[in-house]
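Engineer: With the input below, show me the fold.
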Amino acid sequence: MNDKILSLDNVQSIAPGKFTFSERVEYLKQFGKHTQSFSTLQPNMQYFDLPGIGYIGYMKKWGMTFVLSDPVCAPEHFELLLSRFHKRYPRASFIQVSKPVVDILHTRLGYYGTQFGSEARVDLTKWSLTGKKKQIIRTALNQAEKAGMTVKERYSDDHTREISEAWIQTRKCKSNEIRFLIRPMEMSYRENERHFYAYQDGKAVGFIYFDPVYDRNKIVSYVPNISRANADFKQGIFYTLMAHAMTVFQAEGIPYLDLGLIPLALHEDNEPQESSLLKKAMRLIYKKGNFLYNFQGLEFTKSRFRGEVSKTYVCHHSALPIKELFAMFKLTRLL
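Structural biologist: Next up is the predicted model:
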């Protein structure tokens, strides 16, 4: 793989190509540092590939193009890959991207770059359950122990689909699994995916699927992208599964645990490249839109792990991209 990566002096004339799946996986393992990099391999994604550099994953809805996460390439090639992609898709929107990508799209291509939510990363070298603010996790573990719950890492369980379908019926959006922002539970590519199941009386009552986060062909973190629980078990399966998995990853020497997207968890201050109109709209959705998605509950749950919080952004052309927002909600199946 390394011998395919080109120097900047040789890249300007590269024509877009089409990677094989194994080539795409090589780029993922080399440059898949974003928490959504693994999700770029979900079904129905389309790709813009630049040989020797990397790729961008995107989906289309109603003729609009939505890019998921940062480009899967070396950071020093972000500008090149984004510029080449922009020539082909000049009206594309970029979802859940980092500040370096925002800076390129704003300063070079005139995009707004507005905070869309937050992410949190736990340093597993320092992780423990001590501290007043982790009391809710300790309480959940105690309740799980009293209830006779155990956690095992397994590839699958016969009750997986049953738990998932029952869980979806408890959600705000009952019609379908969310996609794009959250990759579907079933993916054909599952290398290095980790599954942890909670059991009570010998029967699975919940599970979390963790996706790998890569850097230079090493797994540097995992992110819990799929979590499901039996609706009858009210207390703390997520905390119990997370705490067990974090202990396992910590023992393996994995340095971090990412908690993934916390949508619409926004900083109170605006940045110069942000759209104040869009940010007001998103704050309103956060406060009033819990019928769409449990925004506030998700933020509370993830905040219990006391991770280091960072901003994640959307990049868009108009100050209030109503059509794009509506199309993205349809694309993700929130509507």
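Engineer: just the helices in the stretch 151-300 of the chain please.
Structural biologist: 160-168, 237-252, 276-288, 295-303 (DSSP state H, counting those that start in this stretch).
Engineer: Now Asp201: closest residue in space that isn't a chain neighbour?
Structural biologist: Gly148 (6.7 Å; Cβ to Cβ, 6 or more residues apart in numbering). Using the backbone N, CA and C atoms, a C-beta is placed for each residue, glycine as well.
Engineer: my read: Thr160 touches Ala204, true?
Structural biologist: Yes. With contact defined as Cβ atoms under 8 Å, Thr160 counts as touching Ala204 (7.1 Å).
Engineer: I'd like to know which elements the lowest-mean-pLDDT helix or strand in the chain is packed against.
Structural biologist: Ranked by mean pLDDT, DSSP states H and E, the weakest helix or strand in the chain is helix 160-168, scoring a mean of 83. Counting contacts by 3 or more Cβ pairs under 8 Å, 6 or more residues apart in numbering; DSSP states H and E, helix 160-168 packs against strand 203-215, strand 218-229.
Engineer: Just put those in CSV and tack on mean neighbour count, mean pLDDT and distance to Lys288.
Structural biologist: Listed next are the helices and strands packed on helix 160-168 as CSV, based on neighbours: other Cβ atoms under 10 Å; pLDDT from 0 to 100; distance: least, Cβ to Cβ, whole Å:
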stretch, mean neighbour count, mean pLDDT, distance to Lys288
strand 203-215, 22, 95, 29
strand 218-229, 21, 95, 25
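Engineer: Which of those strands sits closest to Lys279?
Structural biologist: strand 218-229 (25.3 Å; Cβ to Cβ).
Engineer: partners of that closest one in the sheet?
Structural biologist: Strand 218-229 has the following strand partners under DSSP bridges: strand 203-215 (antiparallel), strand 256-263 (parallel).
Engineer: Which stretch among the helices of the stretch 151-300 of the chain is buried most, on average?
Structural biologist: Neighbour counts (mean count of other Cβ atoms under 10 Å) averaged over each of the helices of the stretch 151-300 of the chain peak at helix 237-252, with a mean of 20.
Engineer: how far is that one from where the chain is centred?
Structural biologist: 18 Å (Cα atoms, centre = their mean, to the nearest Å).
Engineer: Now do the contacts for Lys134.
Structural biologist: 304-306 (Cβ atoms under 8 Å, 6 or more residues apart in numbering).
Engineer: Filter those residues down to the buried ones, ChimeraX style.
Structural biologist: A single ChimeraX command is used to select the members of the contacts of Lys134 judged buried by 16 or more other Cβ atoms under 10 Å:
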select :304,305
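Engineer: Ile95: which of the contacts of Lys134 is nearest?
Structural biologist: Phe305 (23.8 Å).
Engineer: Might you report the residue contacts of the closest one?
Structural biologist: 120, 122, 134, 137, 242, 257, 259.
Engineer: Now the first one. Its backbone dihedrals?
Structural biologist: Which is Ala120. phi -140, psi 140 (degrees, to the nearest 10).
Engineer: What is the helix or strand hosting Ala144 packed up against?
Structural biologist: Per DSSP states H and E, Ala144 falls inside helix 135-146. Judged by 3+ Cβ pairs under 8 Å, 6+ apart, the packing partners of helix 135-146 are helix 237-252.
Engineer: I'd like to know which elements the helix it packs on is packed against.
Structural biologist: Going by 3+ Cβ pairs under 8 Å, 6+ apart, helix 237-252 lies up against helix 135-146, strand 149-153, strand 194-200, strand 203-215, strand 218-229, strand 256-263.
Engineer: report the angle between the axes of that helix and strand 256-263?
Structural biologist: Relative orientation of helix 237-252 versus strand 256-263 (axes from the mean of the first three to the mean of the last three Cα atoms, to 10 degrees): 150 degrees.
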